[in-house]
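Asker: below is the sequence, then the predicted model.
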Amino acid sequence: DFLRGTVYVSDQVHHSVQKAALIAGFPAGNVRTVPTDEAFRIRIDRAAEAIRRDREAGFLPFLLVGSAGTTNTGAVDDLAALAELARAEGLWFHVDAAYGGFFVLTERGRASLRGIEASDSATLDPHKTLFLPYGTGSLVVRDGDALRRAHSVPADYLPERQSDPARVDFCELSPELSREFRGLRVWLPVRMHGIAAFRRQLDEKLDLAAHAAEVLRGMDHVEIVAEPQLSTLAFRLHRRGRPEADLDELNQRLLGRINARRRIFLSGTRLRGRFAIRICVVSFRTHRERVDEGLADIRTSMTELMS
């Protein structure tokens, strides 16, 4: 029942989840936004409370979404606790791991993403943290037959599905009929370089984000708004006593000055209503010297702005 079915997401979830719900036909109000804690992770207690409240009101909770690396800050929800909540409530548990999922290749990533293995489905974008071409996205599901029930439509002009699972007809698993061989983009680099090369790159990105946060923390008037949980962090220039509107404008000008130097590119976002600057290290060409160049540009741009 699309009018009574409800979805639970954090206030940091990627907008594609709300968009998918709207495309599927759910009213926008049936996507329940759950607040996050100080580290921008979904609050499990508030999610449970929302589910209970909806059941009492006659709604049908059916989907709980966790984030394995949010776009805003790289925050990783407590996936193990969310999986337990989903099991207790009989909900489908989906994890948005588009950015962060491949960090499970590293020891630190496996620890951070504990519980992802209990999900019913997870999105993974090899074009992010496997450093592959754009448009290489993927969905991993526990029950492949669930995809077939959702997408399989017979037609006289279509061949019957191969019984061999190695010869999958993707039109029975997704909305597309004609599609290119996207899997080749993943298979070939892994075949050529081995998975260890990607693991080393991911470990390096975790190190670089931690290094950037440490250096920024030592700069005067810099506030780390979101500590790196993976390879993303957020910071802002802070001047005690300045109104928030002035600080937002100051940080927007700072971001413009940093990017105008054309050695690195940072992006901005709003966290708890405040403008913040994001560093996201996901390029295989980004190494320590480039991060240090970026940090130097940040320091120089701040000095110019405040002089």
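Answerer: Now that the structure is in, tell me what you want to look at. Numbering: from 1, shown residues only.
Asker: can you give me the helices in the stretch 101-250 of the chain?
Answerer: 107-112, 126-129, 144-151, 183-193, 195-217, 244-260 (DSSP state H, counting those that start in this stretch).
Asker: from those helices, which stretch is densest packed?
Answerer: Mean neighbours per residue, mean count of other C-beta atoms under 10 Å, is largest over the helices of the stretch 101-250 of the chain for helix 126-129, with a mean of 22. All C-beta atoms are positioned from the backbone trio N, CA, C, and that covers glycine.
Asker: chain center to that one: distance?
Answerer: Counting by C-alpha atoms, centre = their mean, to the nearest Å, helix 126-129 is centred 11 Å from the centre of its parent chain.
Asker: for this protein, which segments count as strands?
Answerer: Secondary structure of the chain (DSSP state E): strands located at 5-10, 31-34, 60-67, 92-96, 121-124, 138-141, 222-226, 232-237, 267-271, 274-280.
Asker: in JSON lines: these, plus mean neighbour count, distance to residue 196 and mean pLDDT.
Answerer: JSON lines is the format used below for the strands of the chain (neighbours: other C-beta atoms under 10 Å; distance: least, C-beta to C-beta, whole Å; pLDDT from 0 to 100):
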{"stretch": "strand 5-10", "mean neighbour count": "23", "distance to residue 196": "33", "mean pLDDT": "98"}
{"stretch": "strand 31-34", "mean neighbour count": "19", "distance to residue 196": "38", "mean pLDDT": "98"}
{"stretch": "strand 60-67", "mean neighbour count": "24", "distance to residue 196": "27", "mean pLDDT": "98"}
{"stretch": "strand 92-96", "mean neighbour count": "24", "distance to residue 196": "25", "mean pLDDT": "98"}
{"stretch": "strand 121-124", "mean neighbour count": "22", "distance to residue 196": "19", "mean pLDDT": "97"}
{"stretch": "strand 138-141", "mean neighbour count": "14", "distance to residue 196": "21", "mean pLDDT": "94"}
{"stretch": "strand 222-226", "mean neighbour count": "19", "distance to residue 196": "30", "mean pLDDT": "97"}
{"stretch": "strand 232-237", "mean neighbour count": "24", "distance to residue 196": "24", "mean pLDDT": "97"}
{"stretch": "strand 267-271", "mean neighbour count": "14", "distance to residue 196": "31", "mean pLDDT": "97"}
{"stretch": "strand 274-280", "mean neighbour count": "22", "distance to residue 196": "24", "mean pLDDT": "97"}
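Asker: what's the closest of those strands to residue 253?
Answerer: strand 232-237 (9.2 Å; C-beta to C-beta).
Asker: that closest one - which strands sit beside it in the sheet, and in what orientation?
Answerer: strand 222-226 (antiparallel), strand 274-280 (antiparallel) (DSSP bridges).
Asker: can you give me the buried ones in stretch 158-175?
Answerer: Under the neighbour-count criterion of 16 or more other C-beta atoms under 10 Å, stretch 158-175 has 170-173 buried.
Asker: ok, those residues vs residue 6, which is closest?
Answerer: Closest approach between the buried residues of stretch 158-175 and residue 6, by C-beta to C-beta: residue 173, at 25.9 Å.
Asker: and the nearest residue to that closest one once chain neighbours are set aside, what is it in contact with?
Answerer: Closest residue to residue 173 apart from its sequence neighbours, by C-beta to C-beta, 6 or more residues apart in numbering: residue 147 at 4.4 Å. Residue 147 makes contacts with 141, 172-174, as judged by C-beta atoms under 8 Å, 6 or more residues apart in numbering.
Asker: good, we can wrap up now.
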